[in-house]
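Colleague: would you be able to build a 3D model of this:
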Amino acid sequence: MSSYDTSTGYNPAVPPVPESAPQANPGKKQGRFKTFAATAGPVQLTRVILGAILGLLFIWTWIGTGPAVVDAGSPSEWKSDLAAASVKNEVDNGETKGAPQQSVVNGWYANDIAAITASQNTYIAASSARNGTLLMLLGLGVASELILRGLDRARLSAAKAGAPQRTHL
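Modeller: Coordinates of the predicted model:
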């Protein structure tokens, strides 16, 4: 038996540690995830995993479906493209001699404007698709949170009622 010294001179005997007692292992520390998984219930663990998956999907959607990815151009390019089409139309109009040539030049100008309009429409469509996908992911997150809260509430009410509870989702 070992003892310790106090200022009063009283040295009580310390009992020996039994062999069946768990041994401390200061060198091996449990990770944060394992610690959380050991202390949290299945609903909280599911909530964290679902949140991580939805977070990754949000990032992937934002990066992967933007207007820049579909090569729709940008609003700053459209202004310069419209100015170039207008200048080209004025130059072509100055060289026309009569109504038939004027209608051909107007057709060229309409084609230039149509290309810019198509670029704008592609940009708007890509932005709308991304926004719709992000909104759907947000709806899935809210719906899953409501489902998980209902499961947790049902588990707690079953525990209060003394009914046997299920340990899986």
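
Colleague: three-state assignment of Ala68?
Modeller: coil (DSSP: H, G, I helix; E, B strand; the rest coil).

Colleague: okay, it and Ser103: tell me how far apart.
Modeller: 38 Å (Cβ to Cβ, to the nearest Å). Any C-beta I mention is one placed from the backbone N, CA and C, and that applies to glycine too.

Colleague: swap in Gly132?
Modeller: Going from Gly132 to Ser103 by Cβ to Cβ gives 41 Å.

Colleague: again with Ser119
Modeller: 25 Å.

Colleague: more neighbours: the two, which one.
Modeller: Legend: neighbour count by other Cβ atoms under 10 Å for Ser119 and Ser103, higher for Ser119 (19 against 10).

Colleague: and Thr96, what are its phi and psi?
Modeller: phi -80, psi 150 (degrees, to the nearest 10).

Colleague: in this structure it contacts Gly107, no?
Modeller: No - when contacts are counted by Cβ atoms under 8 Å, Thr96 is not listed as touching Gly107 (12.0 Å).

Colleague: and those two? Which one has more around it.
Modeller: A direct count of neighbours by other Cβ under 10 Å for Thr96 and Gly107 places Thr96 higher, at 14 against 10.

Colleague: check what pLDDT the more buried one gets.
Modeller: Each residue has a pLDDT score; the one for Thr96 is 85.

Colleague: now do the contacts for it.
Modeller: 102, 104-105 (Cβ atoms under 8 Å, 6 or more residues apart in numbering).

Colleague: which of the residues you listed lies closest to Ile53?
Modeller: Distances from Ile53 to those, taken as Cβ to Cβ, are shortest for Val105 (56.6 Å).

Colleague: pretty sure that closest one is touching Val91, no?
Modeller: No - between Val105 and Val91 there is no contact under Cβ under 8 Å: 9.4 Å.

Colleague: name the residue in these two with the higher neighbour count.
Modeller: Val105 (18 against 10).

Colleague: quick check on the more buried one: phi, psi?
Modeller: The phi/psi pair for Val105 (degrees, to the nearest 10) reads phi -60, psi -40.

Colleague: now swap in Gly73 and tell me
Modeller: phi 80, psi -180.

Colleague: which ones are touching the closest residue to it other than its chain neighbours?
Modeller: By the measure of Cβ to Cβ, 6 or more residues apart in numbering, the closest residue to Gly73 outside its immediate chain neighbours is Ser119, 4.3 Å from it. Neighbouring residues of Ser119 by Cβ under 8 Å, 6+ apart: 72-73, 77-78, 81.
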